[in-house]
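Student: model this:
(one chain, ligands or ions: 1)
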Amino acid sequence: MRDLKVALVGGGFMGKAHSLAWSMAPIGLDLNATVTKEAIVDIRPDLPDVARQLGWNTFSDDWKSVLKRDDIDIIDVCTPPQFHAEIALAAIAAGKHVFCEKPITNDVAEALVMAKAARAAGVQTQVGFNYRHTPAISFAKLLLEDGRLGRPLQFRGSFLQEGGFTADPNRWRALKSTGGSGTVGDIGSHIVDIAEYLFGDIRRVSARVRSRDTEVAWKSESERIGGDLIDDAGVWLAEFESGAIGTFAVSSFASGHKNHIGFEFDASRGGVEFDWNDREVLRVSFIDEEPDLAGFRTISTSDKHPDGWWRLAGLGTGYPEISAIQFQHFIRGILSGEGSHPDFGDGAHSQLLVEAIAEAAVSDHWVDVPRRSESR
Ligand code: SOE
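Tutor: Model (predicted):
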């Protein structure tokens, strides 16, 4: 049984979720590892209390000194995105395995450097696209992989939030220069991650994005493009490498939607519906059912399904659980030496895709997405 020592950099919202998830991850029965929450790094004045409350053994306001510690195996980067690259690259150079929140950086060139550095150093990396590890989504993937659903035909997905209405306009997320990745980069990246996880890679996109104005509904396109403005909503069409097609919608101004991922897809032998707000279940339909029984059936996930945690379905799978499941994949990848996904190469691909959506919106044309092999 191996003990892996983790240092977390960034004790905000994601730091809290990751603190819970690192404690939960070793509970995966076949993990063959324990996790020690060794150090938390942040510059907040209440760090000693936060460290105690979140269960970290030591704390520091200096990530560079923590990177020098030989006993630390994993660096978990949860700062705002503009600091990810510097910390992650230094951690890779120090021989640490690195988990990094999404986006791994807002800059495509930097993302490619990060992916290359990790590969050259032989350390394992993973990116925080946590929702793909929801057991119902893992099950949808299995149904496609083992052929029970046939071939992918059409994906229709959205990620909607209403946080924009009440968010502080001076928050770091609000401007590109302070790390904001916009709604497409922040939550759109999750829904395309899920879509590509299930359907394979997207070949090209056509898009419209908008930025919110406090006076009128949306800023004009010239104001949006000319300013340091993040996008607040977007829609895009996608064509997958397989020939499958997809539609996507994201918004931070979707009243009533707290944190709502929803998708459905059609495949040649059946279809699937998923709603994050009812994330225990996957609704599945098969075309070869007896006609009088045909229709969507509701599958409650349990340990009979990939990534399922509990023997009894219906006990609940929440945000901490899916974050813990992603750490289980990461840990298995470290122990086996085979790595896990999404890694930094996939994170760079995600960034290229987000950039292609932005470019498609500005150019008014379909934009090709570079092949994933180019970012690996
Ligand atoms: C804010 O939109 C946010 O915290 C995202 O950054 C996360 O990725 C998502 O899980 C919840 O919402």
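
Student: what's the closest non-adjacent residue to the residue in the stretch 101-250 of the chain that the ligand sits nearest to?
Tutor: Per Cβ to the nearest ligand atom, Asp186 is where the stretch 101-250 of the chain lies closest to the ligand, at 4.8 Å. From N, CA and C alone the C-beta is placed, and that goes for glycine too. In this structure, Asp186 finds its nearest non-sequential neighbour in Arg173, 7.1 Å apart by Cβ to Cβ, 6 or more residues apart in numbering.

Student: likewise Trp218?
Tutor: Nearest to Trp218 is Arg210, by Cβ to Cβ, 6+ apart, at 4.2 Å.

Student: now do Asp275
Tutor: Leaving aside its chain neighbours, Asp275 sits nearest to Gly262 (5.1 Å; criterion: Cβ to Cβ, 6+ apart).

Student: A strand includes the one you found, no?
Tutor: Yes. The assignment for Gly262 is a strand, going by DSSP: H, G, I helix; E, B strand; the rest coil.

Student: which residue ranges of the stretch 1-150 of the chain form strands?
Tutor: 2-9, 33-41, 58-60, 74-77, 97-100, 125-127 (DSSP state E, counting those that start in this stretch).

Student: now these in JSON lines, please, with extra columns for distance to the ligand and mean pLDDT.
Tutor: Listed next are the strands of the stretch 1-150 of the chain as JSON lines, based on distance: least, Cβ to the nearest ligand atom, whole Å; pLDDT from 0 to 100:
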{"stretch": "strand 2-9", "distance to the ligand": "16", "mean pLDDT": "97"}
{"stretch": "strand 33-41", "distance to the ligand": "19", "mean pLDDT": "97"}
{"stretch": "strand 58-60", "distance to the ligand": "23", "mean pLDDT": "98"}
{"stretch": "strand 74-77", "distance to the ligand": "14", "mean pLDDT": "98"}
{"stretch": "strand 97-100", "distance to the ligand": "13", "mean pLDDT": "98"}
{"stretch": "strand 125-127", "distance to the ligand": "11", "mean pLDDT": "98"}
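
Student: which of those is buried the deepest?
Tutor: Of all the strands of the stretch 1-150 of the chain, strand 125-127 has the most neighbours on average by mean count of other Cβ atoms under 10 Å, namely a mean of 29.

Student: that one pairs with which strands, parallel or anti?
Tutor: strand 97-100 (parallel) (DSSP bridges).

Student: touching the partner strand from outside, list them.
Tutor: Here strand 97-100 makes contact (Cβ atoms under 8 Å, 6 or more residues apart in numbering) with 73-77, 84, 88, 91-92, 118, 123-128, 327, 330, 334, 344, 347.

Student: interface residues of the chain facing the ligand?
Tutor: Gln161, Asp186, Ile187, Asn259 (Cβ under 6 Å from any ligand atom).

Student: just to check, the first one is in contact with Ser255?
Tutor: No. At 10.1 Å, Gln161 and Ser255 do not qualify as touching, with contact defined as Cβ atoms under 8 Å.
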